[in-house]
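[1] I would like to see how this sequence folds:
(2 chains, ligands or ions: 2)
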Amino acid sequence: MNVVFLGATRGMGRALARQMAERGDGLFLLGRAADELERSARDLDARGAAGPVGTARCDLEVPEGFGAALDAAVDAFAGAGGLGVVVVTAGVFATQDALEDDPALLERMLRVNFANTVLFCEAARARLLEAGGGTLCVFSSVAGERGRRTVVLYGASKAGLSRYLEGLDHRYRGRGLRVVTVKPGFVRTDMTEGLDAPPFAGEPGPVAARVLRAIDRGAPVVYAPAPWAAVMAVIRRLPRAVMRRVRF
Amino acid sequence: MPGVRRKARGTLEGWGRQSVAGSEVRSEDLVRATRDAPLSRGLGRSYGDASLPPPGAPRAVNTTRADRILAFDERTGRLRAEAGLSLFELNRVLMPRGWFTPVTPGTQFVTLGGMVAADIHGKNQHAAGDFGDHVTALRMRVADGRVLECRPTLEPELFAATLGGMGLTGHILEVEAQWERIPSPWIHQYSRRIDDLDAFQQALVDAAADWPFTVGWIDSTTRGAHLGRGVLMCGRWAEPSEAPARFPRSTLRARLPVDLPGWALGRTSVRAFNELYYWRHWRREAEGLVRPEAFFYPLDALRDWNRAYGPRGFTQYQCVLPHEAGPSSARRLMEVLTSRGGASFLTVIKDFGREGPGLLSFPRPGITLALDIPVRDDTQALVDALNETVLDAGGRIYLAKDAFTRREHFRAMEAERLPAFEAVRDAWDPSRRLRSALSVRLFGDPA
Ligand SMILES: Cc1cc2nc3c(=O)[nH]c(=O)nc-3n(C[C@H](O)[C@H](O)[C@H](O)COP(=O)(O)OP(=O)(O)OC[C@H]3O[C@@H](n4cnc5c(N)ncnc54)[C@H](O)[C@@H]3O)c2cc1C
Ligand SMILES: NC(=O)c1ccc[n+]([C@@H]2O[C@H](COP(=O)([O-])OP(=O)(O)OC[C@H]3O[C@@H](n4cnc5c(N)ncnc54)[C@H](OP(=O)(O)O)[C@@H]3O)[C@@H](O)[C@H]2O)c1
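    Ligands and ions are numbered 1, 2, ... in the order given. Here you go, the predicted model:
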């Protein structure tokens, strides 16, 4: 399958893109830093991606560039089976304290994780429908499932994103667009470096394997690492009065 | 994926499990992470304190997330990759395509950076030299903050000091090296029982002429005439005509789930293991095809096997004794071990054919012995006695394994080579920003 990837340079995106490359998928990378894109593209080439992996600049902070970046990918796949999957792992994180202290950082986080990610997905959705359908896989977070005292603001950005993706899936699945919402629990990447890891913290490789299966099946929601599915099943059902008291 | 073990909060440990206060920061972005760091470390497979930060700057960079292949030329085998990429991953990706590392250590859970910094050697040292002999370029962050490329012809002193330099000359960011084509992914192995240590040394030298890979395991618990009896193993890559068409299955890898108590590898069990290992090879000779994993990485089959030594951990003592010192020097060394009641769980013997390419590379022509010694109250005295024997023979020790050597002994062993190495550090890092727990202990760096 042919995949356009926003966020393949690091973390879970790097791991997922590699697993796709190793089974011979075609890849096209979007991201904000040209040299990082280039290095990741060569890594994926060496690991077996179909054809040379192409790249185009695309910064989640600059929505004006989304259309052109996606078109570059569509063009690259034109003659090679066309566009099939769009994956978005790009996103930003900051602690609740940092976001409370810095309104500019907060505004940027909300814009990147919610507004601009939605804008990117809209542009991707249009192109996937034009290609006759496909899969849009976007990384949200378990942090968006309930209001939690430790991740109020970041959680809100992901809650909004999850609702959007849910609605999108309902609206377009009949026309062949499958939306896969990924809800990672704590995963050890640069994003979480220095934070205290809770129980069930995971590594990017196994998370990526689980997400890839979900993409192949078109599962609408996937929790990863696996134990988080059970953890969140409980947390979703906790009464508000209990949620108010829990410390995580 | 291979992981780095972290012990209690706020401490870091080497593979031998002795720990220091310290922490590590992991990042995909080595250029950023190494900016003010004293040391880089990879998968922490060095046994002693080589990968541990000094007390005065306790935060090391863990490179393992910087793991991209930047270029691999399928026609020539030229590889360039980020320094945290593991050999395990490289083997997984490149072996099925017919490429293997020119030199491999006895575990694949090492990083490219660690292979360069220790200038590691393998079973083919007599034929292929060290890993550093196959490194064509390095990208480094040096002490003054610059990021630069070095090669045998570009900043040659820095390049030579970095091969085997134990991370003390700069942070290795990228490694370029020449990979080797293999005719098949199978090893043709020949093995033979050997009766004593003198015969062993001769057998290794003889086998070197015919086999690209040779190594011996010796029973460290037998004394007297049979001291140093063991099994010699030789190997070469099998030709396609001899090898099965299928790719060998990976059997990796069970984990040792808990720390075994300290007595588990006590004298009696070590003796039993060694006896068993020797007689398992009940035929005098054996020959056949084996998987490369079984040949090169027998210990990787049980992950975290270092936990078998219990909480006090163990030390590996590896030295090389020059051929000029004669075969009796290896015997003297083994006698020091056995006379003190020491028993090594696994003792490995191998001949080295040439001097390593780095200013402080471990290998030189001679016989190398590696002993695994559980840490006890008398370990320091034992290592001191072993070091005196090595000094007498004009030999040296392997820094990637060492935890107990005293500064005086190290300085005496390296009297000839150390000045040139320290001169490079004086030129590139006069205030010794780059240092490790090992360099504080052995080189006299500021804590
Ligand atoms: C089971 C086993 C078998 C082994 N067999 C052999 C063998 O046959 N031959 C052999 O030579 N060795 C052998 N070793 C030792 C091992 O190969 C070396 O210690 C190697 O350096 C470990 O690599 P690492 O990535 O774990 O490095 P670490 O242990 O993390 O670090 C080792 C040294 O390299 C430095 N270093 C690591 N990365 C960088 C970097 N990016 N930039 C600068 N400095 C860096 C560290 O500062 C440290 O001084 C064996 C070890 C084990 C556990
Ligand atoms: N790690 C966790 O525990 C966790 C938990 C729940 C949810 N998540 C979510 O999962 C996703 C992936 O997380 P991760 O831990 O893999 O993150 P990561 O390691 O920090 O990687 C983030 C990726 O996003 C890209 N990116 C960031 N800002 C961008 C921008 N403005 N424009 C374009 N690309 C940008 C980065 O590219 P550069 O190379 O340019 O930096 C990088 O490739 C994120 O959406 C995160 O919120 C993570």
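
[2] Kindly export the helix or strand of chain A with the lowest mean pLDDT (C-alpha atoms) in CSV.
    The element with the least model confidence among the helices and strands of chain A, by mean pLDDT, DSSP states H and E, is helix A:240-245, at a mean of 90. Written as CSV, here are the backbone C-alpha positions of helix A:240-245 (Å, rounded to 0.1, in the frame of the first residue of the first chain):
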residue,chain,number,x,y,z
ARG,A,240,-17.1,12.0,38.0
ALA,A,241,-16.8,12.1,41.8
VAL,A,242,-14.1,9.5,41.7
MET,A,243,-12.3,11.1,38.7
ARG,A,244,-12.1,14.3,40.8
ARG,A,245,-10.1,12.5,43.4
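
[3] got the contact list for it?
    Surrounding helix A:240-245, the residues in contact under the criterion C-beta atoms under 8 Å, 6 or more residues apart in numbering or on different chains are A:146-148. No exception for glycine: its C-beta is placed from N, CA and C like everyone else's.

[4] Include pLDDT and secondary structure when you put those residues into JSON lines, please.
    As requested, the contacts of helix A:240-245 are exported to JSON lines (pLDDT from 0 to 100; DSSP: H, G, I helix; E, B strand; the rest coil):
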{"residue": "A:Arg146", "pLDDT": "94", "secondary structure": "coil"}
{"residue": "A:Gly147", "pLDDT": "93", "secondary structure": "coil"}
{"residue": "A:Arg148", "pLDDT": "92", "secondary structure": "coil"}
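
[5] mind listing what A:Val179 touches?
    A:Val179 is in contact with A:135-138, A:165-166, A:168-169, A:172-173, A:220, counting by C-beta under 8 Å, 6+ apart.

[6] is it true that it lies in a helix?
    No. Inclusion of A:Val179 in a helix is not indicated when DSSP: H, G, I helix; E, B strand; the rest coil is applied; the result is strand.

[7] what separates the residue lying closest to it once chain neighbours are set aside from A:Gly84, distance-wise?
    Nearest residue to A:Val179 in three dimensions, chain neighbours excluded: A:Asp169, at 3.7 Å (C-beta to C-beta, 6 or more residues apart in numbering or on different chains). If you measure A:Asp169 against A:Gly84 using C-beta to C-beta, to the nearest Å, the figure is 17 Å.

[8] now swap in A:Ala94 and tell me
    Relative to A:Gly84, and taking C-beta to C-beta, A:Ala94 is found at 34 Å.

[9] For residue 195, give me its contacts.
    Looking at chain A here, since you left the chain open. By C-beta under 8 Å, 6+ apart, A:Leu195 lies in contact with A:95, A:186.

[10] The chain in question should be chain B.
    Applying C-beta under 8 Å, 6+ apart, we find B:Asp195 in contact with B:226, B:229.

[11] how close does it get to ligand 2?
    For B:Asp195, the distance to ligand 2 equals 57 Å [C-beta to the nearest ligand atom, to the nearest Å].

[12] can you check A:Ala233 too?
    The value you get for A:Ala233 to ligand 2, if C-beta to the nearest ligand atom is used, is 17 Å.

[13] Also A:Ala73?
    With distances defined as C-beta to the nearest ligand atom, the gap from A:Ala73 to ligand 2 amounts to 14 Å.

[14] same check, this time on B:Arg236
    Taking C-beta to the nearest ligand atom as the measure, B:Arg236 falls 43 Å from ligand 2.

[15] Check A:Phe114 too.
    Counting by C-beta to the nearest ligand atom, the gap from A:Phe114 to ligand 2 is 11 Å.

[16] ok, now which ones touch B:Ser51?
    In this structure, B:Ser51 makes contact with B:12, B:14, B:39, B:41-42, B:44, B:60, B:114, B:167, B:436, judged by C-beta under 8 Å, 6+ apart.

[17] Now with 7 Å, please.
    When contacts are counted by C-beta atoms under 7 Å, 6 or more residues apart in numbering or on different chains, B:Ser51 is found next to B:14, B:41, B:44.

[18] Among the contacts of A:Val179, name the buried ones.
    Buried members of these, scored by 16 or more other C-beta atoms under 10 Å in any protein chain shown, are A:135-138, A:165, A:168-169, A:172.

[19] Next up, the contacts around residue 186.
    The chain I'm using is chain A. The neighbourhood of A:Phe186, defined by C-beta under 7 Å, 6+ apart, consists of A:192, A:197-198, A:201.

[20] my bad, the chain I had in mind was chain B
    B:Trp186 sits in contact with B:238, B:243-244, B:248, B:289, where contact means C-beta under 7 Å, 6+ apart.

[21] Buried ones from these, can you make that a ChimeraX selection?
    This is how ChimeraX selects the buried members of these, with burial counted by 16+ other C-beta under 10 Å:
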select /B:238,243,248
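
[22] For chain A, just list every one of the helices.
    According to DSSP state H, chain A carries its helices in the segments A:11-22, A:34-46, A:66-77, A:96-101, A:103-110, A:117-130, A:152-172, A:204-217, A:227-237, A:240-245.

[23] hey, which of those helices is tucked in deepest?
    helix A:11-22 (a mean of 24; mean count of other C-beta atoms under 10 Å in any protein chain shown).

[24] who's in contact with it?
    Here helix A:11-22 makes contact (C-beta under 7 Å, 6+ apart) with A:3, A:5, A:7-8, A:27, A:40, A:44, A:47-49, A:87, A:89, A:139, A:184, A:187, A:189-191, A:204-205, A:207-209, A:211-212.

[25] The residues you listed: which ones sit near ligand 2?
    Near ligand 2, judged by C-beta under 6 Å from any ligand atom, the entries from those are A:7, A:89, A:139, A:184, A:187, A:189-191.

[26] and those, which of them are in strands?
    For these, the ones inside strands are A:139, A:184, with DSSP state E as the criterion.

[27] Adding distance to B:Ile172, neighbour count and pLDDT, write the ones next to ligand 2 among the contacts of helix A:11-22 out as a markdown table.
    Shown next, in a markdown table, are these (distance: C-beta to C-beta, whole Å; neighbours: other C-beta atoms under 10 Å in any protein chain shown; pLDDT from 0 to 100):
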| residue | distance to B:Ile172 | neighbour count | pLDDT |
| --- | --- | --- | --- |
| A:Gly7 | 27 | 23 | 98 |
| A:Thr89 | 28 | 26 | 98 |
| A:Phe139 | 32 | 26 | 98 |
| A:Pro184 | 32 | 27 | 98 |
| A:Val187 | 27 | 22 | 97 |
| A:Thr189 | 23 | 24 | 97 |
| A:Asp190 | 20 | 17 | 96 |
| A:Met191 | 25 | 15 | 96 |
